[in-house]
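1. With the sequence up front, the predicted model follows.
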Amino acid sequence: MKKWAILLALTMMTTVVLSACGTKSETKEENGSSASGNKEVVELKFTAWGDVSSNPAEAKLAEEFNKTHDNIKVKFEPVPGDGYGTKLTTSLAAGQAPDVFLIGEGDFYKYVDKGVVEPLDDHLAKDSAFKTDIFQQDLLNMGRIHDKLYYLPKDFNPLSLWYNKSMFDEAGIPYPSNDWTWDDLTATAKKLTAKDASGKYTKFGFNATKWEYPIYTYLWSNGASIANEDGSKAEGFMNSDKTIAALQKYVDMSIGADKVSPTPQDTETMGGDSSMFMTNKLAMMVTGRWVKSDLDKSDVKYGTALIPKGADGERAGIIAAAGWAINANSKNKEAAYELVKFLSGTEAQKLRSEEGKVLPATVAELDEVKKTEVADQPVIEMMNFAKKPVTMVSSNGPIFVEEFTKALEKILLKKSTVQDALNEAAKTIDSKVK
Amino acid sequence: MRNLRSERTGYWFILPWFLGLLLFTIGPMIFSFILSFSNWDIITGVRSIEFVGLDNFINIFKDELFYQSLKVTFIFALVSVPLYQIMSILIAMLLNMRSRGMKFYRLIFFMPSVIPAVAVSMMWIMILNPEYGILNKALGWFGIQGPAWLQDPSYALGALIVMGIWGIGNTIIIYLSGLQGVPEELYEAAQLDGAGITRRFFNITIPMISPTIFFNLIMGIIGGFQYFTQAFVMTNGGPLNSTLFYNLYLYNKAFVSYEMGYASALSWILFAIIMIFTLIVIRSSSMWVYYNGDDDKD
Amino acid sequence: MNTSSFNKQKLTSIVSLLILTAGALVILVPLLWTISTSLKTPGEVFGDNFFPKTWKWENYSRAVTAIPFFTFLKNTLIILIPVLIGTVFSSALCAYGFARFKFKGKKGLFLLLLATMMLPGQVTMIPMFILFKEMGWVDTFMPLIIPSFFGGGAFNIFLIRQFMRGIPKDLDEAAFVDGANRWTIFTKIMLPLSKPPLIAVAIFTFMGVWNDFQGPLIYLNSTDKYTLALGLSMFKGMYNVEWNMLMAATILIMLPAMIVFFVAQKYFIEGISISSAMKG
C-alpha cells in the first residue's frame, strides 16, 4: 500500500505543479504578444508609499495618463505604513511587482544592487523628444549609479529647521535666525523646555531625533562623518574623536543633564514629533516639507529657518528625494517608460507642487515655487548645502545605517557609552564590508 | 463481511487529507530540508540555488541573534506558562462555584480571547503608554511609578507577558471543563474525612486535572515558539532585541532579508526543539493520554 | 455548628465573587478605555482624562474612509467563506473515513495525523511560500484558501472523528443494510448527527481566519487585497498616526468576533470543552 500511495502522491504533485507552470507561461506569452502588437491595451501598475489620500497627485496623474494613452491602462496601488520596502521586495521576489515603483534616495543603491531596476539610458537615447535637462541635475544624478541612470526624480525635500511660532511668542523669544550655530539652538531650546510641578517634562525646545538624517547634518556641520568618502570604511570615521564628541553633544540634548529634547521614548509616548509640534509640546525640529500637510490641519503657527551652522561656521544639509523606477522584470518596459516619463514630467511636477507638500524636481517649476513660496525660502535654500549620505554613495550604505542605528539605540537607552558603541559599530561594519 | 467493500471507500474519504499531507506538509518539509543546506536568493529564482553544506547551521550557532531569540522565547515560556496556568486554575475554580451570575462572569473572562491578536496589540500599545496609558495611571493611584514598558528593554518582554494575562480566558475554560469532570463525590468524601480546602485542592483537584495541566504546559512552550503577531505589531523585536521571539527572527530572515536557506535551517532547529518537547509528552503519556487504547478496538 | 459552616460558606462565596468582580474589571476597564479613546480628539488621546470632553462619533466614519475598511472587510470575507466551507466539509469527510472504516494502514495514518498536529507551521512556511510563488499565487487569496480544502486541519478531523465514534453504529449499519451507500450515509446520517463538533469547527475556523495575521502578511502585497487584521497593522506605521481613529478601527475589527462569540457562546464553550476533554 505504501509504495502505491507514494507513487500516486508524486504523480499528483507533479501534475499540479506542471499544470500551474503551464498556465503561467501561457499567460506570459499572451501578454508578450499584446505588448508587441501594440493594438491591445497594456495594463500597468505602479506603486508608492502612503495611502491614496496622501498621494492625491498620483491618483489624478493615473487618470490623466489613462485619458491620454489609449493603449495603456495604469492602476495606482500605494502601500500604506512602514511596510513598503518589505512588501515591494516580496512582490519582486514573487515576480508580481508593479511595473513602476517609487524608491527613496536612501534605497537607490540597494535596489539597483539587487538587479531589479531597469536602466533608463537606452530608453532615453531612443526618445529624442524627452530631455532630462528639464531636471535639476543634482537630483537627476542621484539616480545615476555605476554610470547608468536608473531613476527619474519625482520630488525632493531638503531638510530644514521648523519652529513653532506660538511657543516662541509665548516665551517672548525671537524666532530662530539663519545665523544660528547649533549652540545657539541648544541654548534657545533650553529656554523653551519646561517641567511641571512634579518634575515631568511638558514642553521640549528641540527634537534631537534618532532619525539618522538630522544627525548626519549635525555631524557634518561639526566636521564629522560616519563613513569615508566612498562609503567603504568606518574605522577612523564612525569612531573618530570628532564624531564621538559631536554625537555625545547631540545625544546629551535628550539624555544629558541639561535635557532640551525628548528621547525617542518620550516622542513615542507623546504621540510622535509632528503631533507634539501641533499641540505646542515641541518648539523646533529638523524635518522635511512633507510635515506641512499635517501641520496645516491643526492651528499651530510655524516657520522655517536654515539648519544651524557648526562651531566653525560650516553648514550642512541633506535632501530627501524619491524617484520612479521601472521593474527590470516588467513585461511592458516600453509602456512603463512612458509612465515614468509622465510621472516625472513637467505636468506632474506642476500638479504636485500645487498640492504644496513637496518641491518640484524640474528647474522651471522650482523657479516658480521660489517666486511664490516666500515663507519657505529657507527650505529651498537648504538645498545649496546638501551633502550625500552614505546610502547614496555606496551599496554598503545599509550596513553603515544598520550598525549606526543599533549603536545609537544602545547609547540612547544608556546601555553603552558613545565611544564604545561607535567603536563596536565601526568594527562590525568594516568586517562586513570586506 | 462488509469490510472488504468498505476498505477501499475509506481511502477515498481520507484522500483530501492525504493529498494535503503530501502537498502541504511532507513535500514542503523535504524541500525545506534541502533548502536548509543551501543559500538561495529568492529574487533570482530556483536557478540560483547554491548548496553550502552545513554552513547555515554553523553560522546559526555563531549567531548572537539566534541565541537572543532563543533566550527571549524560553524566558517568555518559562515565566508566562506557569503564571497563566496558576491564574487560570484559580479563576476556573472560582467560576466553578454554584452561584448566580457565574455565566455572566464566564462570558467576561472568555471574551478577550476572541479578540484578534492585532486588535489586542493595538489596544495595548495605548494601554502601555508610559505617560497616558491606563495601566501606568492605575499604578499611579497606588503610588507606583510605572516603567516605560514597551520602550524599555528591561520591561518590554514583561509587558507582553502582562498583556497575555488579559487573554487567558481560553485556558480558563479548558480548566473549567476539566474541573466539571471531577466527580462531586470525591470532594464530599474528602470533606467527611475532614480534609480542608487546601488538602482537597492538592489531593483531589490537582491530581484530577493534572493531565490538562501537563498538556497545557507543553502546549504553552510550543506556543512561545509560535508567538508572532503581538511582537511584530507592538515592538518588532525591539528595543535592543529584547522581544525578538524565535518566530519573529525566523520571519525576518525569511521575508525581510530573504535568506531563505538560513531561515529554513532555523525552522528545522525549531522543529527539533519542539520534537524534544513532543517526546516528553509521549514519554509521559501514560500519565495523561486517555484515548490511546481505543484505536485497537476496531 | 450548622449556622457557622453556613456563614463560612457564605463568606467564601462573597470573597470569591469579589475576586471575580475585580478580575472582570481588569478585563472590562481597558476595553472601555479603548472605546473612550476612540471617541477623543487627537489632543485628548495624549491627555489625562478617561472620558472625552465631547464624544467624537465622527472618528468612526473618518476611520472607515481613511482606512479602506470595507475593502478589507470584503477581502476578509472572500477568504473566510470558502475556508469555512472547505474546512468543515473536508474535515468531516476525512473524520468519517477515520471513524467508520477499517482499512489497511489506518492506524499508521491516524498516528501520522496526530503527529502533524504537533508540527510547527514555520517548518512548512518557507517552502509553501516558494511553491505558491512558483504557481503565481502570491498576492492572491489562493494560498490562504486552497489548503483548507485538503482535510481542513488535523485538529478538526480529530475533533469530529472523536464525536462520530460516539454515534451508535447501529444507525448507519441499518441504513447500509437498507442499501444506502457510504456517501448517502455520510451526508444523510453522519453529518446531521455531528452538528455540535461541526459548529465548533466552523467557529474556530472563523476565529482563525479573522485573527490570521502571518498568512496575509506573507502572501498579500497590494493594499486592495489586505485583510482587516493586516490592514489595521499596516496603518499603524503611517507617518502621522491618529490614534483615536486607529482605536476606532480596532473596535470595529473586534466587533464581528464579539458578536459571533455572544451569539454562539454555547457552542464556543462546548467546543473548547470537547477539544480539551479529548486532549485530557
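-> That came through, no problem. In this text the structure is predicted, and so the values were computed from the model without any measurement.
2. Now name the helix or strand holding the nearest residue to A:Ile215 once chain neighbours are set aside.
-> Distances taken as C-beta to C-beta, 6 or more residues apart in numbering or on different chains place A:Tyr250 nearest to A:Ile215, at 6.3 Å, with adjacent residues excluded. For every residue, glycine as well, the C-beta is placed using N, CA and C. Counting by DSSP states H and E, the element that carries A:Tyr250 is helix A:241-255.
3. which element follows that helix toward the C-terminus?
-> Heading C-terminal from helix A:241-255, the first helix or strand you meet, by DSSP H and E, is helix A:264-269.
4. related to what we said a few turns ago, need the contact list for the residue nearest to A:Ile215.
-> A:208, A:215, A:218-219 (C-beta atoms under 8 Å, 6 or more residues apart in numbering or on different chains).
5. Only the buried residues of stretch A:384-403, if you could.
-> Buried residues in stretch A:384-403, counting neighbours by 16 or more other C-beta atoms under 10 Å in any protein chain shown, are found at A:385-386, A:388-401, A:403.
6. So the nearest residue to A:Asp179 once chain neighbours are set aside versus A:Gly256, what's the distance?
-> In this structure, A:Asp179 finds its nearest non-sequential neighbour in A:Lys309, 7.7 Å apart by C-beta to C-beta, 6+ apart. Computed as C-beta to C-beta, to the nearest Å, the A:Lys309 to A:Gly256 distance reads 21 Å.
7. what's the nearest residue to the residue of the stretch 251-400 of chain A found nearest chain B if we skip its chain neighbours?
-> Nearest to chain B, among the residues of the stretch 251-400 of chain A, is A:Gln265, at 3.9 Å (C-beta to the nearest C-beta). Excluding the flanking residues, the one nearest A:Gln265 by C-beta to C-beta, 6+ apart is B:Gln151, at 3.9 Å.
8. Provide a list of residue ranges in the chain with pLDDT below threshold.
-> Because you didn't say which chain, this covers chain A. Within chain A, the segments meeting pLDDT under 70 span A:1-39, A:51-54, A:356-357.
9. Correction: the question concerned chain C.
-> C:1-6, C:237-241, C:272-280.
10. longest helix anywhere in it?
-> Ranked by residue count and defined by DSSP state H, the top helix of chain C is helix C:2-37.
11. what about it, near chain A?
-> No: using C-beta under 8 Å from any C-beta of the partner chain, helix C:2-37 never reaches chain A; the gap is at least 11.7 Å.
12. Ok, stretch C:50-58 next?
-> No: Stretch C:50-58 lies out of reach of chain A by C-beta under 8 Å from any C-beta, never closer than 14.7 Å.
13. ok, the residue nearest to A:Gln265 - contacts?
-> Taking C-beta under 8 Å, 6+ apart as the test, what B:Gln151 contacts is A:264-265, A:268-269, B:130, B:239.
14. Within range of chain A, give me the residues from the stretch 51-200 of chain B.
-> The stretch 51-200 of chain B comes close to chain A at residues B:129-132, B:148, B:151-153, as judged by C-beta under 8 Å from any C-beta.
15. what's around A:Thr68, how many residues?
-> Using other C-beta atoms under 10 Å in any protein chain shown, A:Thr68 is surrounded by 11 other residues.
16. gap between it and A:Asn332?
-> 17 Å.
17. Please apply the same query to A:Ala93.
-> With C-beta to C-beta as the criterion, A:Ala93 and A:Asn332 are 20 Å apart.
18. which one of these two has more residues nearby?
-> Set A:Ala93 next to A:Asn332 and count neighbours by other C-beta under 10 Å: A:Ala93 wins out with 24 against 21.
19. wait, isn't the more buried one in contact with B:Trp40?
-> No: applying C-beta atoms under 8 Å as the test, A:Ala93 and B:Trp40 come out as separate, 10.7 Å apart.
20. how does the chain divide into domains?
-> Answering for chain A, as no chain was given. For chain A, automatic domain parsing gives the domain ranges A:42-156+A:320-376, A:160-319+A:387-433.
21. that's the wrong chain, I wanted chain C
-> C:3-38, C:67-242+C:249-277.
22. Quick check: which of those is nearest to A:Ala234?
-> domain C:67-242+C:249-277 (29.2 Å; C-beta to C-beta).
23. Help me confirm that A:Leu61 is found in a strand?
-> No: if the criterion is DSSP: H, G, I helix; E, B strand; the rest coil, then A:Leu61 is helix and not within a strand.
24. Helix, strand or coil: sort out the residue nearest to it when sequence neighbours are not counted for me.
-> Counting by C-beta to C-beta, 6+ apart, the nearest residue to A:Leu61 once its immediate chain neighbours are dropped is A:Ala348, at 5.5 Å. Assigned with three-state DSSP, A:Ala348 falls in the helix class.
25. In this structure A:Ala348 contacts A:Ala62, no?
-> No: taking C-beta under 8 Å as the contact criterion, A:Ala348 and A:Ala62 are not neighbours in contact, 10.6 Å apart.
26. which of those two has more neighbours?
-> Neighbour totals were compared for A:Ala348 and A:Ala62, and A:Ala348 leads with 25 against 22 (other C-beta under 10 Å).
27. Correct me if wrong, but A:Val74 is in a strand.
-> Yes: going by three-state DSSP, the assignment for A:Val74 places it inside a strand.
28. and it, how many residues sit next to it?
-> Counted with other C-beta under 10 Å, A:Val74 comes out at 26.
29. now do B:Gln68
-> Look at B:Gln68: counted by other C-beta under 10 Å, it has 17 neighbours.
30. Pairing partners for the strand or helix carrying A:Gly205, with directions?
-> If you go by DSSP H and E, A:Gly205 is part of strand A:201-206. Within its sheet, strand A:201-206 is paired with strand A:194-195 (antiparallel), strand A:282-287 (parallel), according to DSSP bridges.
31. quick one: contacts of it?
-> Taking C-beta under 8 Å, 6+ apart as the rule, strand A:201-206 contacts A:167, A:185-186, A:188-196, A:253, A:259-262, A:266, A:276, A:280-285.
32. what comes up buried for stretch A:414-424?
-> A:416, A:418-419, A:421-424.
33. for those residues, which one is nearest chain C?
-> A:Ala421 (26.4 Å).
34. Strands of chain A, residue ranges please.
-> A:42-47, A:72-76, A:100-104, A:144-145, A:148-149, A:152-158, A:160-164, A:194-195, A:201-206, A:282-287, A:302-305, A:319-326, A:359-360 (DSSP state E).
35. And for the stretch 51-200 of chain C?
-> Taking DSSP state E, counting those that start in this stretch, the stretch 51-200 of chain C contains no strands at all.
36. Without its sequence neighbours, what residue ends up closest to the most centrally placed residue in chain B?
-> Centroid-nearest residue in chain B: B:Gly223, 1.6 Å away (criterion: C-alpha atoms, centre = their mean). Excluding the flanking residues, the one nearest B:Gly223 by C-beta to C-beta, 6+ apart is B:Ala77, at 7.7 Å.
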